[in-house]
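[1] sequence unknown, structure follows:
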């Protein structure tokens, strides 16, 4: 656990030592993203069940010419993710590079962090603070939900084109994200949101309406078929997603209220003439709206990931544009450290994150998950038994 906390503390120290600077070091951001990509990408199946299903489907695709060696039908990936043609194509392309599941996961993770780095560089100015927000909100999910995280990371590239009103660029990126996870459809309305700063009272009225709709679960039922899989995969995710479908997720309400409070406390500081920042603040509001629309949906939080860059960008801007360290900043540091610790403790108690182990050493990671979901124990004896 201390290893994870140390990473957050290093990020916090970097912020405290640079918050007065007008310009942030891009080399710091690139270096931090490289480190996190290595930290996550080299992890030995940490994060839970999902790495195993991604691994077995990739492994099976590698045995397309030797189906008797596959643990699943060689084309099973198309049965599970046939509509996500981009994800299937990526798996197929990587088979020309390696037949090893660990290297496959590592490559996908590097792609994810390269995309995240690009978005942080494009949409934020104080990189240490932005990384701290990212670590509180999303860092741990990059260990496990690779496919949806990859789709969201791709989708984040579209926001600058919504701000600049370039429809071909925007919709091409959304289509690409959709090809990795169909829930990326939720990005489509962003282009039709006016590039204008909305009145806070109007936003509150709209969000109350979203909460009322969310209480009926209409949005959850309408969206439930996109990007989800059935059968064993959905059931296996139950140990991470504890709440039952249909129950009101009060944590979604709390999260939306807290973020909106921080945004509205300094909402007047958002420059109406800055098209990109206005777009990102609108994305942050939509992030909160989605949490409220999917109050009764087990997957509502993950659907909102496509707009999370709006929260990262807007909160970072409001906290750092004054170049000081106030109670506002201190409260945000406490908030994101609390969110970071919540997942670290919750997943850690399930032995999904620690003790930390890389795949550079043989043997199985600790915990009960490998004993239940490991499909090829030859990896325990030699992580690189096949390339």
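    That came through, no problem. Just so it is clear, the model here is predicted, and its values are computed rather than measured.

[2] From here on, just use CA atoms for contacts and neighbour counts.
    OK.

[3] all helices of the stretch 1-150 of the chain, in order?
    2-16, 26-41, 50-62, 76-81, 85-94, 101-123, 127-137, 146-155 (DSSP state H, counting those that start in this stretch).

[4] buried sites along the fourth one?
    So that's helix 76-81. For helix 76-81, burial by neighbour count (16 or more other C-alpha atoms under 10 Å) applies to 76-78, 81.

[5] Using a markdown table, lay out the helices of the stretch 1-150 of the chain together with distance to residue 164.
    As requested, the helices of the stretch 1-150 of the chain are exported to a markdown table (distance: least, C-alpha to C-alpha, whole Å):
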| stretch | distance to residue 164 |
| --- | --- |
| helix 2-16 | 30 |
| helix 26-41 | 24 |
| helix 50-62 | 36 |
| helix 76-81 | 33 |
| helix 85-94 | 26 |
| helix 101-123 | 13 |
| helix 127-137 | 23 |
| helix 146-155 | 16 |
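
[6] Residue 358: which of those is closest?
    Distance to residue 358, taken as C-alpha to C-alpha, is lowest for helix 26-41 among the helices of the stretch 1-150 of the chain, at 8.3 Å.

[7] hang on, the earlier thing: and the helices of the stretch 1-150 of the chain, which one averages the lowest pLDDT?
    Here the helices of the stretch 1-150 of the chain differ in mean pLDDT, and the lowest is helix 76-81 at a mean of 87.

[8] Now do that one: distance to the chain's middle.
    Computed by C-alpha atoms, centre = their mean, to the nearest Å, the chain-centroid distance of helix 76-81 equals 22 Å.

[9] list the contacts for residue 190?
    By C-alpha atoms under 8 Å, 6 or more residues apart in numbering, the contact set of residue 190 is 159, 162, 283.

[10] hang on, the earlier thing: nearest to residue 384, of the helices of the stretch 1-150 of the chain?
    Per C-alpha to C-alpha, nearest to residue 384 of the helices of the stretch 1-150 of the chain: helix 101-123, 8.2 Å.

[11] got the contact list for stretch 172-181?
    By C-alpha under 8 Å, 6+ apart, stretch 172-181 touches 83-88, 147-148, 150-152, 154-155, 157-158, 184-185, 187-188, 226-227.

[12] For residue 351, list the residues it contacts.
    With contact set as C-alpha under 8 Å, 6+ apart, residue 351 has these partners: 366-368.

[13] Need the buried ones from those selected in ChimeraX.
    The ChimeraX selection below is limited to those of the contacts of residue 351 classed as buried (16+ other C-alpha under 10 Å):
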select :366,367
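
[14] Kindly indicate which of the contacts of residue 351 lies nearest residue 344.
    In terms of C-alpha to C-alpha, no member of the contacts of residue 351 lies closer to residue 344 than residue 367, at 15.1 Å.

[15] Am I right that residue 142 is in contact with residue 148?
    No - in this structure residue 142 lies outside contact range of residue 148 using C-alpha atoms under 8 Å: 9.2 Å.

[16] Would you work out how far apart the start and end of stretch 145-164 are?
    This stretch, stretch 145-164, spans 31 Å end to end (C-alpha to C-alpha, to the nearest Å).

[17] Mind listing what's buried along it?
    Buried residues in stretch 145-164, counting neighbours by 16+ other C-alpha under 10 Å, are found at 145-163.

[18] Check the gap between the spatially closest residue to residue 43 that is not a sequence neighbour and residue 42 for me.
    Leaving aside its chain neighbours, residue 43 sits nearest to residue 358 (4.3 Å; criterion: C-alpha to C-alpha, 6 or more residues apart in numbering). Taking C-alpha to C-alpha as the measure, residue 358 falls 5 Å from residue 42.

[19] And for residue 267?
    Taking C-alpha to C-alpha as the measure, residue 267 falls 40 Å from residue 42.

[20] swap in residue 114?
    For residue 114 relative to residue 42 (C-alpha to C-alpha), the value is 15 Å.

[21] and the two? which has more neighbours close in?
    When neighbours are counted by other C-alpha atoms under 10 Å, residue 114 and residue 42 differ, and residue 42 comes out ahead with 20 against 16.
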